[in-house]
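Participant: Build me a model from this:
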Amino acid sequence: MGHVPPDAHTASPPAERHRARLLRYARLHASGDFHRAEDIVQETMLRAWLTLDELDRQGDQRLQAWLYRVARNLAIDAHRRDRAVPVGLVPEEPAHHGGETELADVVATRQVLYEALSHLSHEHREVLVHIHLRDRSRAETARVTGVPQGTVKSRNHYALEALRRSLPAA
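Facilitator: Predicted coordinates for the structure are as follows:
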C-alpha cells in the first residue's frame with residue numbers, strides 16, 4: 001500500500017475512514033498478530049463494500065459499530081478455527097524409543113483410522129478433508145463443495161461424532 005494523500009479520504013468509501021482504528025482493534029483480538037489483523041480488516045472492508053447501500057443510509061456511528069462487530073466476529077471465528085482439533089481424527093505420533101513394536105503400533109493405529117474413515121459417506125469424508133487436512137474454513141469448504149455452510153458444519157459434526165464412536169479409546 002502506498003501513501004494516501006489527506007484529501008483522498010473525502011472520495012473514499014465511508015468504511016475506509018475507519019480502517020486505521022479498525023486495524024488496531026483487530027490486532028488486539030488477533031493477539032498482536034499483524035497479518036491476521038490485516039486479514040480481518042480486509043474481510044471486514046469487503047463485507048462493508050458488499051453491503052454499501054445499506055450501510056450508507058445508517059449513518060457513521062452505526063457504520064462504525066457494524067464494522068467493529070464484524071471484525072470481532074471474524075476474529076472469534078479465526079480463533080475457534082485455530083484451536084479446533086478433531087479428537088481422534090489423526091492420532092498423535094508416539095515418541096520413538098527405538099523399537100519395532102512402536103512402529104507396529106503406528107501402522108496399526110493408522111489402519112484403524114483408515115478403516116473408520118472408510119465407513120463414512122463420501123460427503124462426510126470430503127468435508128473432513130477440506131476442513132481438517134486442507135485447513136479451509138467452513139465458508140471456503142462450502143464454496144468448493146457447492147453446499148451451504150450449515151450443511152458443511154453439520155457434516156463435519158456428524159463425521160467427527162461417527163469417528164469418535166468407531167475409534168477405540170486410547
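Participant: Going by C-alpha atoms from here, please, whenever you check contacts or count neighbours.
Facilitator: Will do.
Participant: Let's see the lowest-mean-pLDDT helix or strand in the chain as PDB, backbone CA atoms only.
Facilitator: Here the helix or strand of the chain ranked lowest by mean pLDDT, DSSP states H and E is helix 52-58, holding a mean of 70. Provided in PDB are the C-alpha atoms of helix 52-58 (Å, rounded to 0.1, in the frame of the first residue of the first chain):
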ATOM      1  CA  LEU A  52     -22.500  -0.400   0.900                       C
ATOM      2  CA  ASP A  53     -26.000   0.700   0.000                       C
ATOM      3  CA  GLU A  54     -27.500  -0.400   3.400                       C
ATOM      4  CA  LEU A  55     -24.500   1.000   5.400                       C
ATOM      5  CA  ASP A  56     -24.600   4.400   3.700                       C
ATOM      6  CA  ARG A  57     -28.100   5.000   5.000                       C
ATOM      7  CA  GLN A  58     -27.400   4.100   8.600                       C
END
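Participant: Show me what the helix or strand following that helix is packed up against.
Facilitator: Note on helix 52-58: by DSSP states H and E, the next helix or strand toward the C-terminus is helix 60-83. Contacts defined by 3 or more C-alpha pairs under 8 Å, 6 or more residues apart in numbering; DSSP states H and E place helix 60-83 against helix 19-29, helix 34-50, helix 52-58.
Participant: Check which residues of helix 60-83 are buried.
Facilitator: For helix 60-83, burial by neighbour count (16 or more other C-alpha atoms under 10 Å) applies to Leu63, Gln64, Trp66, Leu67, Tyr68, Val70, Ala71, Arg72, Leu74, Ala75, Ala78, Arg81.
Participant: what's the spacing between that helix and its chain's center?
Facilitator: For helix 60-83, the separation from the chain centroid amounts to 13 Å (computed by C-alpha atoms, centre = their mean, to the nearest Å).
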